[in-house]
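J.: What follows is a predicted protein model with its sequence.
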Amino acid sequence: MGEYRLLFIRYDVATPRTALQIGAKRALDVVGSVAAIACLCPMLLIVAIAIALDSSGPILFRQRRSGLNGRTFLIYKFRTMTVLEDGPDVKQACRNDRRVTRIGKILRRASLDELPQLINVLKGDMSLVGPRPHALAHDDKYGAHIRHYGDRYNVKPGLTGWAQINGLRGETESFHKMAKRVEYDIWYVKNWSLSLDVQILWRTGFEVFRDRAY
């Protein structure tokens, strides 16, 4: 059982509610994540070996995040830094961050470090599409100041999302940038549809080539 955290959650939004809608979204998640893992398996193995050879430490980085209805879970990523932060003070990665390893720079640029989250999707902690989950320290920091921040947790967090394909990837070094990301997240929650998920997945393939993540 995961830990449940108090978030300000509203239920007057257009999240997938019927059994058919929930089942269709889950089916897309399972089929999509299995297909992606099967196709990317050789590359994932190469990335794992490169991380092991590049620096000491675990291949996978695990960190607590908030999921559906505020339930905490462990998110998986390829390790790209020399630190493994998961406490009350988590510093976001910034441009030219000295904590990022050599191979980590390549992985973060292409968002390859996020691929282990396909396991989270298979486990049901995440969806292929949804608001990107933040570190718990950032939930506490921004949730106390940004209106309706907790509405993001009316759906499962996603591997990609509406905010990300609209250019809101990478560091959110100001409340304004985080508020803008949350605005897009809430729009997705209120306007969810299976066709929107498919559109976001399609556009994500083009977005990762843009120079916005580091």
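T.: Looks like it came in fine. Numbers count the residues shown, from 1 in each chain.

J.: From now on I want contacts and neighbour counts done on CA atoms only, so please keep to that.
T.: OK.

J.: For the biggest helix by length in the chain, the averaged confidence score.
T.: Once the chain is assigned using DSSP state H, the helix that runs over the most residues is helix 19-54. When pLDDT is averaged over helix 19-54, the result is 95.

J.: That helix packs against which elements?
T.: For helix 19-54, the packing partners by 3 or more Cα pairs under 8 Å, 6 or more residues apart in numbering; DSSP states H and E come out as helix 102-109, helix 117-123, strand 127-129, helix 194-207.

J.: following that helix, which helix or strand comes up?
T.: Using DSSP states H and E, the helix or strand that follows helix 19-54 in sequence is strand 60-66.

J.: Which strands and helices lie in contact with that next one?
T.: strand 72-78, helix 136-143.

J.: related to what we said a few turns ago, show me what counts as buried in the longest helix of the chain.
T.: Buried residues in helix 19-54, counted by 16 or more other Cα atoms under 10 Å: 25-26, 28-30, 32-34, 37, 44, 47, 51.

J.: and which of these is nearest to residue 204?
T.: Closest approach to residue 204 among those (Cα to Cα): residue 32, at 13.7 Å.

J.: nearest residue to that closest one other than its sequence neighbours?
T.: Leaving out its chain neighbours, the residue that sits closest to residue 32 by Cα to Cα, 6 or more residues apart in numbering is residue 128, at 7.7 Å.

J.: Quick one: residues contacting the one you found.
T.: Residues in contact with residue 128 (Cα atoms under 8 Å, 6 or more residues apart in numbering) are 28-29, 32-33, 118, 121, 158-160, 201.

J.: For burial, what's the neighbour tally of residue 206?
T.: 10 (other Cα atoms under 10 Å).

J.: Now do the contacts for the residue lying farthest from the centre of the chain.
T.: Distance from the C-alpha centroid of the chain peaks at residue 53, with 26.1 Å (Cα atoms, centre = their mean). By Cα under 8 Å, 6+ apart, the contact list for residue 53 is empty.
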